[in-house]
Structures are given as C-alpha cells and as structure tokens.
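A.B. asks: Based on what follows, work out the 3D shape:
(chains A, B, C and D)
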Number of protein chains: 2
Amino acid sequence: MESRPKKKRANLRDVAKVAGVSVATVSRVLNSPKAVSEETRLRVEEVIDMLHFVPSAAARAINSGRTRVIGALVPTLDNAIFSRFLAALEKHLAMHGLSLVVATTSNDPEIETEKARGLVDIGVEALIVSGITHSPEFDKLMEQTRLPVIATSYFEENYHLPTVGYDNASASRIALDFLLASGHQKIAVVHGPVKNNDRTQARLSGLKAAKLAHSLQMFETDISIQGGSTAIQNLLRTKTTFTAILCFSDVLAMGVLFELQRQQINVPEEVSLIGIDDLPSSPYTFPAITTVHLPVARMGEVAAKSIVRWLDSQTVPDPYLLPAELIVRHSTRKLE
Amino acid sequence: MESRPKKKRANLRDVAKVAGVSVATVSRVLNSPKAVSEETRLRVEEVIDMLHFVPSAAARAINSGRTRVIGALVPTLDNAIFSRFLAALEKHLAMHGLSLVVATTSNDPEIETEKARGLVDIGVEALIVSGITHSPEFDKLMEQTRLPVIATSYFEENYHLPTVGYDNASASRIALDFLLASGHQKIAVVHGPVKNNDRTQARLSGLKAAKLAHSLQMFETDISIQGGSTAIQNLLRTKTTFTAILCFSDVLAMGVLFELQRQQINVPEEVSLIGIDDLPSSPYTFPAITTVHLPVARMGEVAAKSIVRWLDSQTVPDPYLLPAELIVRHSTRKLE
DNA sequence: TTGACAGATGTAACTAGTTACATCAAGCTG
DNA sequence: CAGCTTGATGTAACTAGTTACATCTGTCAA
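C.D. replies: Residues are numbered from 1 along each chain as shown, chains lettered A, B, ... in the order given. Got it, this is the predicted structure:
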C-alpha cells in the first residue's frame, strides 16, 4: 500500500536525499552543528525526526575505532561484593561516556576465556578481570588483541597486568591478629573454594605463619549464606572446641552467625566471629559483625579511572594497593 | 628500526596481501573455513596469527546489522534481587551468543532516559527495563529507534511494551492474607520509596481493600538492610502496638529482623515477620523468613528467551505472568 | 575593482569488513 | 571430446558512517 515496499531503517544518505543536502552536511548536523547554517540544520533535524533516523553505532565505531564499551569478567553476580564493585565501576565509566558489559565466569578459567573471547568479538575496548589466575589461552588472547586489561581484587606488584586491589594475605592476617590479640587461641577458619581462586589462596597464605604456633582449623565451603551455615554444622560435628571463627568473607560470616543463633550459641559471649569484606549489611546484623573493610567501591572507581587514562593516553597504569582496615563491631570479644 | 614506521592494527587487506590471497578468501577462512582449501586455510591462519589480526567487531556489525549486545536498565546493583535477575539474564543471553550491557538508573526516569540514550548510541539490539514508569522522552526514544523493549518485574497485560513479571498487587495481598488468616490484626507495613516506583505502588494497592477493615500502619524507607532497621526504630517511637510486620522486600525484612533482635523483641513469639522476594539468604536467617517467593531467576530466563525470539523472528512476545508463591518458614506464627 | 578570507556546502575517498557474481581449472559423463 | 558440474578463488560492489579537500558565495579592505 505504501510507496516504498522495503522500508528499512533510514541511513545518512536517505536523510541527505530527503533534506536536499549532502551526506557531509547531515554528518555535520550530528557532530558539529555550529558548522552548519541555522536554516539547514533545522531542515535536516526535521527530516531526521521524520524518518526516525538513528545513526548506526557500528558505522561510527568503524571510523573512530572506538566502541565506548568496556568488558568486565566477574566470578558471580550473586555475591554483594562483586555487584557493589560493578555498581561503582559502571557509575564511574558512565561519567566518561563508557558502557559496561558484564560477563560471569563461575570462577572457571575456561568459561572466563570463552566469555573474554565473546567480549573481544563484540568489540570491547578494554577488559577488567578478577584476580590473577587465568588460562594460558586467556593470556594469549590478551596478547594478540593487545587490549588494555586490569586485574582487580588482588594486588600484585609484579604481575604482567596492572592490578588494582588489596593485599588479601594481609587482610586475613589483620583479622587473625585481632583475634589473637583478643586472647583467642582455638580458631576455626571458614573459607571459600581454594581451586582457581587466588583471593582465597592468598588469604590462606596470610595465616600460614600463625598456623604453626596456634590451633587453626580450616573449613572449606561455598561462598554463600548457606555455605556458612553448613560449615558450622560440619564444625560442630567435629566436637572440637574453639573460641572464635574467622570467615574469609562477610557472606560466610552471616551464614555462620545465623547458624550459631539457630544452635543457641551466643555471639560474642560464647564464640567470637570476624569476617572480611564489610558488606553494606554487616553493620546491621545482630550482633554487628566485626570485619576487615575492603574498599570495593573505591576499587571500582580506581579501575574505571585507570582504564579511562589508559585509553586516553596509552599510559599503562601502575598497580594500585587499596588499604584493608579492621572494623571492630560487636561480634567479637576479648577473652580474659 | 622496523621497516613499517606506522604499525596500526592489521586488517583483512593486510592479511590478504601477506598471505597472497584475496580479501574474500581471508573472510572465508574466518566465516566458512570449509569453503577454502586446507592448504590456503593453513597459510592464511598462519598470517592471521603472525600479524595478531583480530577482526573488527564494528565492521562486522555494519554488514550484519547485528551487534549481539543487549542493554539492561536496572534501578541498582546493590539489591540482590536485581543482581540475581541480571545473573540469570546474562546466563541465558550468553547461551544465544548475546552480551549484556548493564546500566543503573537509581529509580530516576531522567537518568534512565539518559542511560537508554547511551545504550542506543553504542548500538544495543534490544533493551530490558524495570517496571512501566518511564519518562515521555524515553518512550519517544524507543518509538524512534523501534528497538525491542521488554519491561520486567511488573506484569501488565495492556501495557504498550511486553511485560515479564509478577502481579505485585497480588504478591503483597498474599502476604497480607496469610497474616490475617493467622489472626493478626495490627500490622505494620514497611515499604520502599513510592515515588517513581510502580512496583511499590502496585504492592501498596494490593493492600487497599484490606486497609479499611484492618489496622495497617505504613512506614516508607530505603530499600536496604539499614532502611529496615530505621523503619523499626521509627515504628517503636510511635508506641503503637502491632503483632506483625509486612515488608515489601526481603532486604527490608532482614533489616527489620536484625533491629528487632537488637531491641530484644522475639520473632515470631512477640512479632510475626513476613517479606516479599525470597532472597537466597532468606531460608538461612534465624528465624528463617516467611516470604512470598518471586521467581527472579525465571524472570531473567523468560526475558532472555523473549528477546531472542523477538530478534530472531520479529515476534513481539506476549506478556508473561510469573507466579508469586507463599513460602512459610519460621518468622511468622498463628495468634490464638 | 580585485584579492583575501570566512562561511557553508558538496564530492569522493576513506574506515573494515561481507558477499554476489565472475572466472578458471579439474573431474566426470555421454 | 564437448558439455556439465563442482570446488577454489578473485573482483568489486556493497554496508553506513566520517572527513580531507574542493568549490562557491559573499563580505570587506586595499
């Protein structure tokens, strides 16, 4: 019924034709409107509106060589620590006109490599990854594409990629030292999977020195509320005595806390509990969880700014160490 | 020192030249390797490796008209309900070779519009938004671009965009009915901001009928653990009596639970507590929170599949109603 | 009156891929 | 041995923008 049988999306040439100007003029209306006379500009804008013209991002990208998209690879979105990080990252990238593509890896280097390939395929300008454990194929891909990559959640001065993160070993050390200084000797340690997880590994290594002198019992479990819960069930089954529990993440600590409440074990009267991360919810649990604060929001900000600088001025950023800080709340107490 | 002073990224033509074949052949090696002789293929692949050639996503997109990127606009990443949704969405989009760009709106229609414009600019093929409250500019943008858009977290048969979500009014009604059936008459309702939030508004409307017959006291607060905590502080200050608290989200319920514990008010002995959402942590709190389960992971899956079908076969999906289901746990009790 | 210059606009060549069509050789059939 | 088919490859025209350079008009000063 219409005059045009094939009504595809309008492009620059269509607009130019209808407005009776050249493609260059339409392009100018879009990109440097002051270079076009008022009259022409208004006419072109009218046609743009009329034809529902929306410039093709791909065509623009092919010329500028910029897609304005950054990719982030995180283990999961189901832990508040990563979603907070991404929230900060997204916010600060958006300030610089960059968008964030998120892909999850389930802590599996193979999935990570596959997803990284997918991100390269859609044309991300840079990549942000978690930790420094990656597959050889991943490293090869990064080398081939020469894409800016930043590793987060982990500080390592001499890693071949710039890192933005905290000293995981010292974070767990801070927590342990606080428990030891409070007179605790028999301590249960609840941590996430060790395999493929350099953050957990580093936190474990932070305890190594103390392990010889003191009684530390390790419990590996999933990083989730449920994981904390089952770890305590396992712990109680061993019938070993302990006066404090050190959790490698506040998510675990919350699970542990709930399970202790269920078992009628008082925190901190009977058992002291300390976590690592400091989630937004941690100050509000009852009792409020003592923890080691890791500035993830700051990490997102620093990562975003490093990427922006890298892209703008080809400067490979220096590794950035974020401070880990003890926050004493009410889930721990001094032993007499 | 090198022969080539300007060493840009290699492109198809460079590879073709070095390998001594035509651009078409290189393109074939990339896209339909079986159409090329073994010998030629190997030679070309060698050159690709040698020159670190990575095909330009933009150039591919310009031809196929597909960027393989989907945009999602969510209020925040700081609430587990949205990160779970995004996790499921990302997973199911990835299964179909689609990537997910995430942008946060802080529940502000203006920010949403701005971010939507950004997503259109980078060339997303479709958009997934939360709720049905959007600015006129947003609607205009969507109309102009004719982009597939799905509204989530909200079911509304007659909305101009397809919706995938639950009946928020009936979710709150389910929770309230359960409290009423358990003999509760004096009920405090803790909910998030009403402004610009159709989910909250719908949940409030679900209580309207009962509001006349029963004593419902409303408390508006931020959707966070802290928000739940302060709501209870405000509630206690009013000195009104109540036997149950209905929270419009489990995040609020957790904050409420912690604060009640701090105030030495027993749940469920003294006060019954019910939430809506059913977070992964909800079964593990002490006591485990009774709640109305909203299948967010399913929502992510359905949204992803709807988008895929829409893009593949131009079929605008039908609105999809997800069931809300009461999960009775241990934070509620029957009044004699 | 001429030259210089600014302002507005157009032409065409770029960007980096895909792909329809043409070409050519080799193998098979009648 | 002509004629047909198949397989492998190349040429060139697309995709949708940007932009260097050319052109044209008009104003102003010399």
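A.B. asks: can you give me the offset of the one helix or strand A:Leu204 maps to from its chain's centre?
C.D. replies: Using DSSP states H and E, A:Leu204 sits in helix A:198-205. Here helix A:198-205 shows a centroid-to-chain-centroid distance of 17 Å under the convention CA atoms, centre = their mean, to the nearest Å.
A.B. asks: so who does the closest residue to DNA strand C within the stretch 51-200 of chain A touch?
C.D. replies: Nearest residue of the stretch 51-200 of chain A to DNA strand C, counting by CB to the nearest atom of the strand: A:Ile62, 4.3 Å away. Just so you know, the C-beta spots here come from the backbone N, C-alpha and C atoms, and that holds for glycine as well. With contact taken as CB atoms under 8 Å, 6 or more residues apart in numbering or on different chains, A:Ile62 is in contact with B:Ser56, B:Ala58, B:Ala59, B:Ile62.
A.B. asks: Work out for me the element the second one sits within.
C.D. replies: Going back to what we said before, that points to B:Ala58. Per DSSP H and E, B:Ala58 falls inside helix B:57-64.
A.B. asks: Can you show me the CA trace of that helix as PDB?
C.D. replies: Once non-C-alpha atoms are left out, helix B:57-64 reads as follows in PDB (Å, rounded to 0.1, in the frame of the first residue of the first chain):
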ATOM      1  CA  ALA B  57      33.600  -6.100  15.500                       C
ATOM      2  CA  ALA B  58      32.300  -2.800  14.200                       C
ATOM      3  CA  ALA B  59      33.000  -3.700  10.600                       C
ATOM      4  CA  ARG B  60      31.200  -7.000  11.100                       C
ATOM      5  CA  ALA B  61      28.300  -5.300  12.700                       C
ATOM      6  CA  ILE B  62      27.900  -2.800   9.900                       C
ATOM      7  CA  ASN B  63      27.400  -5.600   7.500                       C
ATOM      8  CA  SER B  64      25.300  -7.900   9.600                       C
END
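A.B. asks: Tell me the buried residues in it?
C.D. replies: Going by neighbour count (16 or more other CB atoms under 10 Å in any protein chain shown), the buried part of helix B:57-64 is B:Ala57, B:Ala58, B:Ala59, B:Arg60, B:Ala61, B:Ile62.
A.B. asks: what residues does stretch A:327-336 touch?
C.D. replies: A:178-179, A:182-184, A:243-244, A:253, A:257, A:267-269, A:272-274, A:278, A:282-283, A:285, A:287-293.
A.B. asks: what does stretch A:130-142 give?
C.D. replies: So stretch A:130-142 is contacted by A:73-75, A:82, A:105, A:109-110, A:112-113, A:116-117, A:120, A:127, A:149, A:151-154, A:156, A:159-161, A:163, A:196-199 (CB under 8 Å, 6+ apart).
A.B. asks: For it, measure first residue to last.
C.D. replies: End-to-end distance for stretch A:130-142, by CA to CA, to the nearest Å: 15 Å.
A.B. asks: count of residues packed around A:Lys91?
C.D. replies: Look at A:Lys91: counted by other CB atoms under 10 Å in any protein chain shown, it has 18 neighbours.
A.B. asks: which of the residues in stretch A:22-30 are buried?
C.D. replies: A:Thr25, A:Val26, A:Ser27, A:Arg28, A:Val29, A:Leu30.
A.B. asks: quick one: that stretch near DNA strand D?
C.D. replies: Yes: counting by CB under 7 Å from any atom of the strand, DNA strand D has neighbours in stretch A:22-30: A:Val23, A:Ala24, A:Ser27, A:Arg28, A:Leu30.
A.B. asks: Please see if that stretch touches DNA strand C.
C.D. replies: Yes: Stretch A:22-30 lies within reach of DNA strand C by CB under 7 Å from any atom of the strand, at A:Ser22, A:Val23, A:Ala24, A:Thr25, A:Arg28.
A.B. asks: Centre of the chain to that stretch, how far?
C.D. replies: The chain centroid and the centroid of stretch A:22-30 are separated by 41 Å under CA atoms, centre = their mean.
A.B. asks: Would you tell me whether that stretch gets close to chain B?
C.D. replies: No: against chain B, stretch A:22-30 shows no contacts by CB under 8 Å from any CB of the partner chain, the least distance being 11.4 Å.
A.B. asks: And the contacts of that stretch?
C.D. replies: Residues contacting stretch A:22-30 (CB under 8 Å, 6+ apart): A:12-13, A:15-16, A:19, A:35-36, A:40-41, A:44-45, A:48, A:55.
A.B. asks: got the angle between the helix or strand containing A:Asp177 and helix A:198-205?
C.D. replies: A:Asp177 belongs to helix A:168-181 when assigned by DSSP H and E. Relative orientation of helix A:168-181 versus helix A:198-205 (axes from the mean of the first three to the mean of the last three CA atoms, to 10 degrees): 40 degrees.
A.B. asks: what's the angle between the helix or strand following helix A:168-181 and helix A:168-181?
C.D. replies: Under the assignment DSSP H and E, the closest C-terminal helix or strand after helix A:168-181 is strand A:186-191. Interaxial angle, strand A:186-191 versus helix A:168-181 (the same axes, to 10 degrees): 150 degrees.
A.B. asks: in chain A, what spans have low per-residue confidence?
C.D. replies: For chain A, the stretches flagged by pLDDT under 70 are A:1-8.
A.B. asks: And for A:Lys186, nearest residue in space, chain neighbours not counted?
C.D. replies: Using CB to CB, 6 or more residues apart in numbering or on different chains and skipping the chain neighbours, the partner closest in space to A:Lys186 is A:Phe242 (4.5 Å).
A.B. asks: and that neighbour, what does it touch?
C.D. replies: A:Lys186, A:Ile187, A:Ala188, A:Gln217, A:Leu235, A:Val271.
A.B. asks: what's the spacing between it and DNA strand D?
C.D. replies: Distance, A:Phe242 to DNA strand D, using CB to the nearest atom of the strand, to the nearest Å: 65 Å.
A.B. asks: any idea how far A:Val256 is from that residue?
C.D. replies: Between A:Phe242 and A:Val256 the distance is 12 Å, computed by CB to CB, to the nearest Å.
A.B. asks: quick revisit: and DNA strand D, which of the buried residues of helix B:57-64 reach it?
C.D. replies: Counting by CB under 7 Å from any atom of the strand, B:Ala59, B:Ile62 from those sit close to DNA strand D.
A.B. asks: hmm, which two among the buried residues of helix B:57-64 are most spread apart?
C.D. replies: Pairwise distances across the buried residues of helix B:57-64 peak at 9.7 Å for B:Ala57 and B:Ile62 (criterion: CB to CB).
A.B. asks: where does the stretch 51-200 of chain A come near chain B, residue by residue?
C.D. replies: Near chain B, when you scan the stretch 51-200 of chain A using CB under 8 Å from any CB, you find A:52, A:54, A:56-59, A:61-62, A:67-69, A:76-78, A:80, A:83-84, A:86-87, A:90-91, A:94, A:97, A:99-104, A:115, A:118-123, A:143-146.
A.B. asks: just the strands in the stretch 1-150 of chain A please.
C.D. replies: All strands of the stretch 1-150 of chain A, identified by DSSP state E, counting those that start in this stretch, fall at A:69-74, A:99-104, A:126-130, A:149-152.
A.B. asks: ok now the shortest one, how far from the chain's centre?
C.D. replies: Which is strand A:149-152. With CA atoms, centre = their mean as the basis, strand A:149-152 stands 10 Å off its chain's centre.
A.B. asks: name the helices or strands packed onto the longest helix along chain A?
C.D. replies: Using DSSP state H to define each element, chain A has its longest helix at helix A:296-313. On a contact count with 3 or more CB pairs under 8 Å, 6 or more residues apart in numbering or on different chains; DSSP states H and E, helix A:296-313 meets helix A:80-95, strand A:126-130, strand A:149-152, strand A:163-166, strand A:320-322.
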